[in-house]
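1. Kindly generate the corresponding structure for this input.
(chains A and B)
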Amino acid sequence: MPRDDFRALPVRLRRGDAFLRYLYVKAHRGDGQVAPRDRSLFVAGLPLRLGEQAALRALFSAFGDIRDSAVHPSKRTAIIVFQTPASRDATLAAAASGSVVEYIIPNTEALGLKVWLDEYKAERPGNLELQKRIDKWMIDFEEEEKRKKKEKEEKLNEEGWTTVHRKKSGKRTRGGDIAVQPISRAEAQRMKQKAKLKTDQSFYKFHSKEKKQQEILHLQSKFEDDLKRVAEMRRKRNFKPG
Amino acid sequence: MKEAKWNPHAGGGADGHATSSAWPAETEKAIDAGPAAGQKQRGQKRRLSGHAGDGKAAGAAADAAAGAGHVQGRKRPRGVGLEMDGSAMDGEGGVERALLQAQADELVASCRVNQDDMRAEMDAVLTKVKDAICAISPHTVYATDAAEYLTDLGMGAKMTLEFVPPTEVFWIGSYSLGTLTQDNLVTDLAVRMPDSCFPAASRDFLHYRYHAKRLLYLTCMQRRLQEQELMASHHYGVLRNDPRRPVLEFVPGLKLSFRGLRIRVIPITSPQCFPMRRLGPDRSSVGNGQGKGKKQEKLASSTNYNGSVLGDMLAKEHHEYLQQILGKKDGSAYLDAIILLKEWARAHRLGGPNGMSGFVWAMIVAHLVETRAVVPSMKCMSVFRAVMEFVARRPKIQQVKSPPAELHPESVAPPNPASFGSHSPCVLLGPFGWLNLAEHESQSSAVLLKGFAQRALGLVTKPVSALETFETLFMESSHPLASVDYCLAVYVPDAGEPVLDKDGPLWRSQERKVEALAQRALGKRAQVVHAIPRECKAIDPHARMPRLVSQPICLAVHVEQEHAFQLIDKGPSPEEENAAKAFRSFWGPRSERRHFPDGIVCEVMSWECRLSERHHIPDRIVQHALMRHLPSGTKVHTYSHLLDGALECPGSDLDSQIQSHRSILSSAEKLGSILQSMNGLALKILSTQPLGPIARHMSVFTPLANPLANKLVNPHLESKVPRCLDPVDVLVEMVSTGAWPLNPDAYMKTKASFGTQVAMALEASSGLRATATENGVDVLMDGFVFRLRIYTHNREEMFAAAGIRSELLRLSQHHGLVSLVSGQHQSFALSTRLSKRWIASQMMANDFCEDVIELLMVAAYTSPSCLMPPASPLAGFARFLLLLSSWPWPDRPLVVDPTNELTADDHRAARNAFDVLKQSAAAPSTCMFICTPKDRLSTITEARPRREAVGRAAALAKTALADMGRQTDAQRWLPAASGEAQPLEAGLMGVLQTRLDDYDVLIHLRREALPHPQQAVRQPSLAALQRKLKQDRAQSLGRHEDEGVATTSEGPSGGVPEERRFVIAAFPSRVVRSRKAAELRKQVLIGFDPVARYIGELEGRFGRLALFCHDPHGGRVVGVKWRAEAFLPQPMDPSCSHFLIPHGVMPAGDASADMQFVPDVMAVVEDMLALGEGLVHDVQLL
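-> Model prediction:
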């Protein structure tokens, strides 16, 4: 949607105040379900205290009943869904005519230091309480994980796969009596490195060929880099210290 | 083998350097060993240097050099040049060296004056001057012309000169050699006075008679030149800071195409003029008074005086010698190298009266040519390197040519070189063995030079990055304060002694005396004590000689940090009677005899002082010694204490902070052992480690013990108690098991859960108060707060490898790096604190976090430089400012690598990463890139400092440095002559003044709502602003109300309603008295910073509109600087719409496509006030 669709809606937030704030409104092209296309309004440029649902709804209820509203977490933009399309159009018309909406903000809600202090306190609910919260979170998390896993399995099962679970500890034998044991990670790393060492030697011709190619590529990149630096040095040839 | 010592080829293998001089070495060997061997060696070389790309790169570098229009690239056939570079490419850093050479070529090309262009004009000048002077008819010149000056030379009014026109007039010096540079366009014109002016019978070489006649000769010429109108302007300068050897310096009256060119007329004589053997180093040529006492005492030798006569006698011969050796066709690299050397000396202030002149450099190069240490096929950087090697290793006595050349067939043999050594601190004998070219050098300046040369050699030998090496070598505009550790100003009263003492000007011997005294007093505490020479810039032959004695002497001290801060100086044992006596008489009554516990008895000079004053000790020692041994009335000004006040605040001086730091560390250890021995935890605690600036003693203010954080013995307290506590981070490492979750969120929660367990266990077992949060556990102990941060090495590393930032891992790595450097440099912690204080006071702390400042300090202390690492807090601070102001932040990454882990490839990678960052589509918000071994992509500066802040910091650092220089610098170091200490202190502290005048809006904060208001720097400017604010408000209360602007706020607490006036700073004494301590303790705030929260919210809301700056240490204002670009009318942007207002006439809501918007300042101010409710006192628009 083009930006120029915005219309300025002047708002007076204090009684007898010559000083106006502007909200910018435009028709919102909603998804059609929660926010029907014909009655949703996009509002931008919310002043500080208007960033709360209650205040916002109170202001826009001047144009008609509000079915739903949502404020962006940045508290600068919001979407308002009116009950009727007429209310939305009334809002846009008001903005177009430049008539001032007067809404006196109740100065009750705390901001600043009080909020920060409350947050500080909320971070320290007490050791026991915190433990409880974390435990709850963990339980929820585990359940969520379980659910996800289950969903995945079900999906696989639907596609005709069967999930086979491996027993955690238990030697499995293959063929005769040779035990297959998982090896430690470090061991695996070591083995991998050993294998790498063997093949890294320039045993085959292609090894040395590749190595040479690598080297040339490296030198090429170095060369390009140096060219760049020479160019840079030339560009600012300011030898006299400023 | 003496020659071989200077010959890089002979000792090449041992030195282990494979520099570009490797090629000439090969040639030479090839010549020696015959063509076949040479062929073979070269063959090998070529096979080894199979790096095609390197060769190409070198070609590019050579192209760069040739492109600059430099002679060198052109004179040599191109193929040879390439091949040479190819051989230089061998080994690590070959490309860098080639680039270095290319840059050096360009530097030379830009410095050098094209002398071919000026030759014709200069010849015309020469002819005119020569004709004018030679046309003077022989006559008698009387002393009345320069009576007063001659009196200072000890001459009576009867003195006369039989003037005879000069035998020769010719160019000497840099013009004749072809090493004239743009910044010093002075050509020297030698005028040879005929021997007949100095009849043998009058023995003019004695008692300044020669110098007197020389001056009269000069005045005679000056009159003539003035009559002929050959001079546009003129004055008398001196040679080598020696008032006995004046020269006539003039701007030629002819119109020349070279602007600013000056000509110096230097009178010289011939070697036959005076008997040379009478002017040997042991001979005395100056009597004390006329005739009396001559017989009784053997006169002290007047080496310096003799040198001043010999210098004139040998001038032409020296000139010819240099011409013969350096003036050859293939010697252009030598001349280039001399220009490089001059530039190098200029960049590091090694020139000057005590330093090296172009003449001495030329002589050194000539010496290297003679000993075949340099050959014509070398490039100028190789010659430069060879000279550095020579200077870095030169012995006390060195001859330019050995054996010395003969002057003329019947000349006497020169004196034994060793005989010079006993009279002069440094000896560099000229090619004829008569003149000590380094006579003007003092011991300390030789040591300084040597040190600089050694460091330069290190830089050239293994350049990691050509650009940086080049800049450190030739461009470093080092600030005097940054290059010395301690500087002192010594004011010696002028006793009215004659200007010339027996052997040279009095000021020179005074400087040497002061230097020697300070050196003796400091002993091994000092590396170098250098008295900066006072410069005699001009003289007036019609007035007295300039009396530099009355000017202050400036001592620059480089200390040896291992010894410099020791509390006592141990002297000899009393059994060595003479030594003990000497010790006592040197130190005076303050010295004492002391019995040590190990049974040793010795004389001791004690410098006991408070812990916080240990860095003043070198200053005090010098002050004590000088005051004791110099005439009474001597004043010594010191500067080391001047910024200490910045780190103190009411109730917290430096000593209590040091004590407090110690108790923090011991409490942390105690806490660690409690934690490790704790039972009943699901996992064991492996180790604990205090982290962070407070633990490193690098936070600006170390928190002091708070009674509320201690065990509450006394439930009632009396006076005010601070409410905010700064926590000390403690890393608590838990056992790494596979049981830790793999999901990062779950991992964090599990850690928090362990935290609560630890907290509860601590409270139960040891009665400490511990409060867990999601991020850590705050433990109150011994008056401090420790924040335990749980850490498991494996998991954190795993997450880091997977690209998930691990704050704790970064913290511990950073702690390791900084602690390493701070362990190596004693002054590191203090200077870091100063730097942080400065950044904070300039309101840039929210851009430069403490860790970034610490990294910059590490760079300032450890990055390769031509300067010694700083060893005093002030020097470290000055280095920080220098780095901040001089580093090209937008162009280059800064590599901080104190352990030299990074290779040239890593540097390259850092540069590439920075380029990628710069060119990335999203305009990077920062331009500071700091690459460390553990953080190669500079994640630490990813978001901050912002581009604007870096620029501002650089500019402010520059002014601060200049201010500091002005405060401590006059005649480079000192306040004008008056020497008042008071304004000085104010001035240095003035560096920490907050500049409020460049902000557009000031948000004043309530004092009680700040966590640490007492830490504020005393700000006269702020107080004035607040007074003004009050006045304004009183005048225009009504108007504000009419407008309904939010700034209407009355009463002492601004517009903050009563119920929201929280007191954050401290519990008022009334509350403290009435409540129980346990109650108060619940109200304590740990690590709570409302201002940071406020700034965060402001930035979130108005970050695109303005910059917000604040001093976290008690600053009571938030400075707001509008971004200029945000105020241009712009189309609608929903993300900024909350501060936009339609531009122009009220559009009646009819928003059309071309409607423009501008920020609504009033709305912004209103929101600013509302956002900081309870914290903000007032908003002031400037």
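
2. isn't B:Met1168 right up against B:His1004?
-> No. Taking Cβ atoms under 8 Å as the definition, B:Met1168 is not a contact partner of B:His1004, at 11.3 Å. Bear in mind the C-beta positions are built from the backbone N, C-alpha and C, glycine included.

3. any shared contact partners between these two?
-> Listed contacts common to B:Met1168 and B:His1004 are B:Val1176, B:Val1179; contacts here mean Cβ atoms under 8 Å, 6 or more residues apart in numbering or on different chains.

4. quick one, which of these two is more surrounded?
-> B:Met1168 (24 against 19; other Cβ atoms under 10 Å in any protein chain shown).

5. According to the record, where do the domains of chain A fall?
-> A:7-107, A:127-180, A:187-236 (automatic domain parsing).

6. most tightly surrounded among those domains?
-> Using mean count of other Cβ atoms under 10 Å in any protein chain shown, the stretch among those with the largest mean neighbour count is domain A:7-107, at a mean of 18.

7. And the helices in chain A, which stretches?
-> A:53-60, A:85-97, A:113-123, A:127-158, A:185-200, A:205-235 (DSSP state H).

8. Any chance of CSV for those, columns distance to chain B?
-> Output for those, formatted as CSV (distance: least, Cβ to the nearest Cβ, whole Å):
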stretch, distance to chain B
helix A:53-60, 13
helix A:85-97, 5
helix A:113-123, 3
helix A:127-158, 4
helix A:185-200, 10
helix A:205-235, 3
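
9. So for the residue most central in space within chain B, what's the nearest residue that isn't a sequence neighbour?
-> For chain B, the residue nearest the mean C-alpha position is B:Ala482 (2.9 Å; Cα atoms, centre = their mean). Leaving aside its sequence neighbours, B:Ala482 sits nearest to B:Ala878 (Cβ to Cβ, 6 or more residues apart in numbering or on different chains; 3.9 Å).

10. now swap in B:Leu811 and tell me
-> B:Leu691 (5.5 Å).

11. Same question for A:Pro125.
-> A:Arg133 is the one closest to A:Pro125 (Cβ to Cβ, 6+ apart), at 7.1 Å.

12. For the stretch 1001-1150 of chain B, which residues score under the pLDDT cut-off?
-> For the stretch 1001-1150 of chain B, applying pLDDT under 70 flags the ranges B:1019-1026, B:1029, B:1032-1060, B:1144-1150.

13. residue in it nearest to chain A?
-> Per Cβ to the nearest Cβ, B:Ser1137 is where the stretch 1001-1150 of chain B lies closest to chain A, at 3.3 Å.

14. B:Ser509 and B:Pro243: what is the separation?
-> Applying Cβ to Cβ, to the nearest Å, the value for B:Ser509 to B:Pro243 is 13 Å.

15. neighbour-wise, which of these two wins?
-> B:Pro243 (23 against 16).

16. Isn't B:Met475 up against B:Ala347?
-> Yes. The criterion here is Cβ under 8 Å, and B:Met475 meets it with B:Ala347 at 6.2 Å.

17. quick revisit: for the nearest residue to the residue of the stretch 1001-1150 of chain B closest to chain A once chain neighbours are set aside, give its distance to A:Pro106.
-> What sits nearest to B:Ser1137 in space, not counting adjacent residues and going by Cβ to Cβ, 6+ apart, is A:Gly45, at 3.3 Å. Per Cβ to Cβ, A:Gly45 is found 21 Å from A:Pro106.

18. thinking again about what came up before, what residues does the residue nearest to the centre of chain B make contact with?
-> With Cβ under 8 Å, 6+ apart as the criterion, the residues that contact B:Ala482 are B:Leu867, B:Pro870, B:Ala875, B:Ala878, B:Arg879, B:Leu881, B:Leu882, B:Leu961.

19. now the residues you listed as a markdown table including pLDDT?
-> Listed next are these as a markdown table, based on pLDDT from 0 to 100:
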| residue | pLDDT |
| --- | --- |
| B:Leu867 | 85 |
| B:Pro870 | 91 |
| B:Ala875 | 89 |
| B:Ala878 | 90 |
| B:Arg879 | 91 |
| B:Leu881 | 92 |
| B:Leu882 | 90 |
| B:Leu961 | 83 |
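
20. want to throw those into a markdown table with neighbour count?
-> Output for these, formatted as a markdown table (neighbours: other Cβ atoms under 10 Å in any protein chain shown):
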| residue | neighbour count |
| --- | --- |
| B:Leu867 | 19 |
| B:Pro870 | 29 |
| B:Ala875 | 26 |
| B:Ala878 | 29 |
| B:Arg879 | 27 |
| B:Leu881 | 28 |
| B:Leu882 | 23 |
| B:Leu961 | 22 |
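
21. Inside helices: which ones of these?
-> The helices, defined by DSSP H, take in B:Ala875, B:Ala878, B:Arg879, B:Leu881, B:Leu882, B:Leu961 from the contacts of B:Ala482.

22. out of the residues you listed, who's nearest chain A?
-> Nearest to chain A among the ones in helices among the contacts of B:Ala482: B:Leu882, at 11.8 Å, using Cβ to the nearest Cβ.

23. Chain neighbours aside, what residue packs nearest to the closest one?
-> Using Cβ to Cβ, 6+ apart, the closest residue to B:Leu882 is B:Ala482 (4.7 Å).

24. pLDDT at residue 172, what is it?
-> You didn't pick a chain, so chain A it is. Looking at A:Arg172, its pLDDT reads 48.

25. Correction: the question concerned chain B.
-> pLDDT, read off for B:Ile172, is 85.

26. can you tell me which residues contact it?
-> B:Asp188, B:Leu189, B:Ala190, B:Ile266, B:Ala315, B:Lys316, B:His319.

27. which is the next helix or strand following the longest strand anywhere in chain B?
-> Ranked by residue count and defined by DSSP state E, the top strand of chain B is strand B:242-252. Sequence-wise, the next helix or strand downstream of strand B:242-252 (DSSP states H and E) is strand B:262-268.

28. Packing partners of that following strand?
-> Counting by 3 or more Cβ pairs under 8 Å, 6 or more residues apart in numbering or on different chains; DSSP states H and E, the packing neighbours recorded for strand B:262-268 are helix B:115-134, strand B:186-192, helix B:209-227, strand B:242-252, helix B:303-313, helix B:315-326.

29. Recalculate using a threshold of 6 Å.
-> Judged by 3 or more Cβ pairs under 6 Å, 6 or more residues apart in numbering or on different chains; DSSP states H and E, strand B:262-268 is in contact with strand B:186-192, helix B:209-227, strand B:242-252.

30. want to throw the ones you listed into a markdown table with mean pLDDT and distance to B:Asp905?
-> Below are these laid out as a markdown table (pLDDT from 0 to 100; distance: least, Cβ to Cβ, whole Å):
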| stretch | mean pLDDT | distance to B:Asp905 |
| --- | --- | --- |
| strand B:186-192 | 87 | 46 |
| helix B:209-227 | 84 | 61 |
| strand B:242-252 | 85 | 53 |
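
31. near chain A, which residues of the stretch 601-750 of chain B?
-> Residues of the stretch 601-750 of chain B lying close to chain A by Cβ under 6 Å from any Cβ of the partner chain are B:Ala746, B:Lys749.

32. what are the ranges of the strands in the stretch 601-750 of chain B?
-> Shown for the stretch 601-750 of chain B, the strands assigned by DSSP state E, counting those that start in this stretch span residues B:601-606, B:635-638, B:685-690, B:721-722, B:724-725, B:727-734.

33. go on, the stretch 801-950 of chain B?
-> Using DSSP E, counting those that start in this stretch, strands in the stretch 801-950 of chain B cover B:894-895, B:930-931.

34. Mind picking out the helix or strand in chain A with the poorest mean pLDDT?
-> Counting by mean pLDDT, DSSP states H and E, chain A has its least confident helix or strand at strand A:178-180, which shows a mean of 43.
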